[in-house]
Every structure is written in structure tokens, then in C-alpha cells.
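**Q** Sequence first, predicted coordinates after that:
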Amino acid sequence: MLTIENLHAAVDGKSILKGVDLDVKAGEIHAIMGPNGSGKSTLASVIAGNEVYEMTKGNLLLNGEDINELDAEERAHKGVFMSFQYPVEIPGVSVTNFIKTAINSSRKAQGLEDMPASEMLKKIRQKAALLEIDTKFLSRSLNEGFSGGEKKRNEIFQMAMLEPKLSILDETDSGLDIDALKIVANGVNKLRNKNNAVIIITHYQRLLNYIAPDFVHVLHNGKIVKSGTKDLAHELEAKGYDWVKQESS
Amino acid sequence: MELKEKLLDSHLAFEEQSEVNETIQNFRSKALRIFEEKGFPTKKVESWKYTSLAPIVNKDYALFPKTDSGIELKTVKPYFLYDIDTYKVVFIDGVFSPFLSETTHDGLDVCLLSAALSKPKYKPIIEKYYNKAAIKDESLTALNTAFAKEGAYVYIPKSKVSEKPIEIIHFSTGEQKALWLQPRNLIVVEENAQVQIIERHQSICEHDMVTNTVTEIYAHKDSFVDYYKIQNDLDSASLIDNTYIVQEKNSHASVHTFSFGGKLIRNNLNYFHKGENIMSTLKGLTILKGKQHVDHNTLVNHSKPNCNSHQDYKGIYSEESKGVFNGKIFVDKIAQKTNAFQQSNNILIDNKATINSKPQLEIFADDVKCSHGCTIGQLDEDTLFYLRSRGIPRKEAKALLTYAFANNILQSVKINVLKKRINGQIAEKLGVNLGFDL
């Protein structure tokens, strides 16, 4: 699904990612953990195509195809999705109109007609139910006045609607209480199948109690310094990051 | 010959062909003297600092166009709200078009100012209201007063609710050459009456067009007046709009100004309070490109206690377009408990676009709530990235954010068909079809 080769990235001339290698296959869930400032969110942004970050070296391959030069929207059209740590507020555009625009933009890029309104409505209802979202919520302005939990739930709702091949969840657990965390995790679990893949970026292993990763990687100082199974996440939770830092230095 | 001289020289001939009573004649000659003395405002005048009239004044214009040149309905139909029933007062090159109009005297008056100025039955109203709200020593208003003879006359009697909106439309064909028009509207809304009015000036020729218009609106006790100005003209057309609104106790008067096109637009919008518990609403949405220039110059004169004013202007400027917002709020020392709000938010899309925004608050009362704010920015890259990461291409993402930015100005438009139409115009200006209305 996604192959990252020797990825280097910088922001404002400051080097942040210093040679990341990762191979994510269809059907897999990977967790990327690491201390603050290790480059986790940068990695998510670079994969999603945020131009603020400059890719200085390396390759991003999506299903074997080089996506280095693609714009964020083109990557989205090919099935890349990122759930934001801080989703932006857009007063004046409802959740429904936003998601309609997003879906039809991707369909247009694929040479398809707009999704018929009835089909769209059915899908919206179905996915809203999956995430236990009240349909009244969908006519509110996107993220405006939403609580932290509502924002994250709305991110996963968008993921459910867009049905991406590769989803990157950037600190999705932050700002969630335990009930919201369970709903979000349940949603992600129901959306996973053998044809898609998920990368979970997180500081804590809390979310991983509910979404079981196939692999856990530790990012430190711009590099993946350790990889393992979900047991690694438990070990990190118990021992903190210092031992990995020491091991890698 | 300079335009000013030409105007002054032509006044005698104008008076000969336009017979009115002594009162009006008096107004005209006084106003002409004021214009003669003051001339066109220059950039030396503080309130004209960012807008120069030189490009439109240094040209030759026909001042008195010939009568109705004839116009086909299909040419002008798009400019009407044809999907609902409305009263219409339509002018072509300043001359009333009975063919395109739908006037009434049934329970309310929607007709011609020329009739009101000349017929005895309207005399009491004219004596009471005509040229009473306008600021007389303002030179462009004076110029209009000196030459005004035609426009719309609207009278809504006590407790009457106008069932249909009223459209006041001025078309210019400029069949002969560049035209200078001076329409004048008088709108009197009596106690507890309600009316919705839409005004637009539309050029359908490529000649230079200048319209210097004056509208006086009287909103009596408990009345509701909603006024919509649609300014989406050709790049050869300029508009100087002078609007004066006098409000009595408990009245609501709103003006929405949609400025989407034209060479130079200057809006002088003035509110005067004559009673308590008044609500004045001023909203503006400006979307410009090319070298278009729009100047919003507002005044809310809070001279009575317990009144509210709400000003919300938004501007989106592309290419080399220019915007000006100059909002003055005056609060008299007796106007305690005034609640005055003013906001001007602007987005500059391109590097060469400019906006000059200037709030001006003069407050002499001590127990008031006055707030003002101004923002000038660009579309936020982080927000754009969020939209693009959802598959919405940059151009559409920008348009969506611009829509969102403009949304609250559109929300308060009470005529649904008009709202839909403006939605369409915004989409056209932004060059996208989002597939939904706000």
C-alpha cells in the first residue's frame, strides 16, 4: 500500500525527518509512537502532501506509484486520508455540504458524475449512525463550536464517508474522553478491511487498547529507531521513551 | 469645457424643460449654488482620500439623454427578479419605461417621482419629505438635487405591508455616447408599515456611464424597511450612491449592499435617528477583481438614547481591485445606552489588491456600548490544506472558504429568490460551481 524510502523532510530549512523507512501493506494497522518533537506529525503531514514541509530526499510510493510530486488533493483522490490533530473550523459551511463537496471532488477527478443526492443521504445516515453522530449535528458549521471529541468524531465520520485506502490518524486520541475514544476506535475498527490500511500516530498507547495494531514503530529524532508488535506499545507505556532514546543513541 | 462648467451652463436649459413648483425650483437653485461653490470633491477632502473622481470627471458626457430608446425584454430580463411577482419602476437612460414597469396606486404608491413632483395630490408629502433628509451642503448630493427630476416614488401608508417587493432598476443604453445620470428616489414608509426594495443600476452598453443618485428614505414609528442594492455593473459604469435614511421610534431599517462590479462605486450611506429603540442594519459584501474600485462611506448618527446600529462589511479583493471602508459612528451626548457595532473584514486574494479601512467613532455619551473591528488577511494556508487533504482542489477550496466568509451577509437577505440569485452571482465571480447554496 504505502512504501516510504529514506524520507527526509524539513520545515523552514530545519531538518525534521532524517531517513524514515516504512512499509505498510493492505489490511495492516501500523502505530507510530514517539516522544514530543520526534517528527510524528511531520511524517503525517508529508504523506498527506502539506506543502509547508519540504521533502528533501527519499520516496513515497502508493501502491507502487511515486506520489512525491502530487498535490494534497491529488493524493486524496488516490485514497490518502489524514485525520487532523487540530481540525480547522469553517464557519458558514455545514458538515454535510463540506463532505458532499469533498466526495464529489474526488468523483470528478476520477471522471465520475456527482453522487446522486439520495445515495449521498443514505450514506451520510449510515456513517453517522456508525459514529453515533446525531444528524442535527451535520447541519452545523464544520467544526465551529465543536468540542474536542466532536471534532475528532467528525474527522472519522469524514474518513468513513470518503472510504480511503490509506488513513493516517494524527493524535486522534488527544482531547477524547473514554466514551468518545471507544466510539472513535469502534468506528475505525469497523471501517478496516483487507483492502485498506491505517497508520495511527500517537504519543500514548491508550488508543491502541481499542485498535489493535499489527506493528508498532518508535520515531525518535526523525528516524524509526525501533519496530515491533503491540507488545512494544505496552512496554513504552510502562517504561516511557527514555530507554528507546538511549538505545538508539 | 470642464464637466463642472458644462453642468452649470446647462442648468438653465434644464429648468426650462422641467416644470415644477416653486419649492422644488428653490431647492434646485440653492443646490446649484452649493455645487458651483464646492465642485467635485477631490482627494484633499478627508472622506475622499482614497477615492479619486478624476478619471470619471475628466470626460465628456451627455447630460440629457433622448427619450426611451426602446429595449427588448429578453435583453434585460436577467436583471429582474422574474421568478416572483414584484412592483417595478424601470428607467432607460433616465427615462421611465412604462413597458418594463409595473407601478401601482392600489393601497400604496409605487410610481414616478416626476409625477409626485408635479401633481397637486402629492404636494403635502413632497413638501414634508423631499430634500429634507439629504445633507444639503454635500456637493454631489447638491448636484443631484439641482438636476433631479425623475426616479422612483414609493409611499407606504400606515399599517400597510407591501406584499410584493419593489424593484427600482435603471438601465443605461448610452445609445448616443457617454452618459451622466442623476436619478432621485423618495421612499416614505408610514407608521407600522413594511416594505422591501431592491435597487440596481445596470449598463447594457460599452460607453462610459456615470450615475449620481440620491435616495431619501423615511422609516416612521414601528416600520420595517429592507433595502437591497445590487451593484454588479459593467467595467465602463460608475456609480455614486447617496442614501439618507431617517428613522423614527421603534423602526427597523436595513441596507444590504452587494458590490460585485463596476468601474468606480462610491456608497454614501447615512442614517439619522429621530426616536428611541431604533434598529439600523448596514451590511455589505464586496467581491472585486481587475481594476474595480468600491468605496463604502457610512455614517450612523445616534442622536437619541436606546438605539442600536449593526454594521457588517465584508470584502474580497482580487487582482488590482481596491476597496475602501470608512465607517463613522456619531453618538450624541444625550444618546445614552447606544449599542453600536461595526465590523469590516477583508480578504486580499492577490498582492496588488488593496483595502483601506477606517473606523471613525465620535462618542459624546458616557453610557454606551460601541465596538468596532477590522481585519485584513489572506486565505489561511492551513485551512486550505485541510480542504485539499479531503480532495477539494485548491481553486474550489478557495471558493468554498470565500463563500463561507461571505455567508453571514447573505443570511440576512429576507427575499429567498434574491438570496439564490446573489448566491449564483458569487459563484460566477469566483468561477466555480459548488453545487449548493448557502
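**A** Nice, thanks for sending it over. Numbering: from 1, shown residues only, chains lettered A, B, ... in the order given.

**Q** Secondary structure element holding B:N267?
**A** strand B:264-273 (DSSP states H and E).

**Q** What average pLDDT does that strand get?
**A** Here strand B:264-273 scores 98 as its mean pLDDT.

**Q** helices and strands around it, which ones?
**A** strand B:237-247, strand B:252-261, strand B:279-288, strand B:293-302 (3 or more C-beta pairs under 8 Å, 6 or more residues apart in numbering or on different chains; DSSP states H and E). Just so you know, the C-beta spots here come from the backbone N, C-alpha and C atoms, and that holds for glycine as well.

**Q** Closest to the centroid, which residue in chain A?
**A** The residue lying closest to the centre of chain A (C-alpha atoms, centre = their mean) is A:I168, at 1.9 Å.

**Q** Could you list everything that residue pairs with in the sheet?
**A** Beta bridges link A:I168 to A:M82, A:I199 when assigned by DSSP bridges.

**Q** List the contacts of whatever residue of the stretch 201-350 of chain B ends up closest to chain A.
**A** Residue nearest to chain A within the stretch 201-350 of chain B (C-beta to the nearest C-beta): B:K314, separated by 10.9 Å. Taking C-beta atoms under 8 Å, 6 or more residues apart in numbering or on different chains, we find B:K314 in contact with B:284-286, B:344-346, B:405-406, B:408-409.

**Q** Turn the residues you listed into CSV, columns for distance to B:V195 and pLDDT.
**A** Compiled in CSV, the contacts of B:K314 are given as follows (distance: C-beta to C-beta, whole Å; pLDDT from 0 to 100):
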residue, distance to B:V195, pLDDT
B:G284, 21, 97
B:L285, 22, 96
B:T286, 25, 97
B:S344, 28, 95
B:N345, 29, 94
B:N346, 31, 96
B:F405, 30, 88
B:A406, 26, 86
B:N408, 24, 84
B:I409, 21, 92
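
**Q** So which of these sit within strands?
**A** B:284-286, B:344-346 (DSSP state E).

**Q** how about the residue of chain B positioned farthest from its centre, phi and psi?
**A** The C-alpha centroid of chain B is most remote from B:S389, which lies 40.9 Å away (C-alpha atoms, centre = their mean). The phi/psi pair for B:S389 (degrees, to the nearest 10) reads phi -70, psi -10.

**Q** Looks like it contacts A:S83 (just checking).
**A** No: using C-beta atoms under 8 Å, B:S389 is not in contact with A:S83, being 9.6 Å away.

**Q** If you rank every helix and strand of the chain by mean pLDDT, what lands last?
**A** The chain I'm using is chain A. Across the helices and strands of chain A, mean confidence by mean pLDDT, DSSP states H and E is lowest for helix A:242-248: a mean of 80.

**Q** nope, chain B please
**A** Per mean pLDDT, DSSP H and E, helix B:73-76 ranks last in chain B, at a mean of 85.

**Q** What residues does the residue of chain A found nearest chain B make contact with?
**A** Here chain A gets closest to chain B at one residue, A:G92, 3.2 Å apart by C-beta to the nearest C-beta. Contacts for A:G92 (C-beta under 8 Å, 6+ apart) come out as A:141, B:403-408, B:438.

**Q** rerun that using 7 Å as the cut-off
**A** Neighbouring residues of A:G92 by C-beta atoms under 7 Å, 6 or more residues apart in numbering or on different chains: A:141, B:403-405, B:407-408, B:438.

**Q** and which of those residues is nearest B:S303?
**A** Distance to B:S303, by C-beta to C-beta, is smallest for B:N408 among these, at 28.4 Å.

**Q** Now do the same contact list for that closest one.
**A** Shown in contact with B:N408 (C-beta under 7 Å, 6+ apart): A:92, B:312.

**Q** make it 10 Å
**A** For B:N408, the contact set (C-beta atoms under 10 Å, 6 or more residues apart in numbering or on different chains) comprises A:91-92, B:283, B:285, B:312, B:314, B:343, B:345, B:438.

**Q** cool, and B:H310?
**A** B:254, B:279-283, B:300, B:339-343, B:412.

**Q** Filter those residues down to the buried ones.
**A** B:254, B:279-283, B:300, B:340-343 (16 or more other C-beta atoms under 10 Å in any protein chain shown).

**Q** circling back: would you quantify the distance from the residue farthest from the centre of chain B to A:F84?
**A** 8 Å (C-beta to C-beta, to the nearest Å).

**Q** Now do the shared contacts for those two.
**A** With C-beta under 10 Å, 6+ apart as the test, B:S389 and A:F84 both reach A:45, A:48, A:158, A:168.
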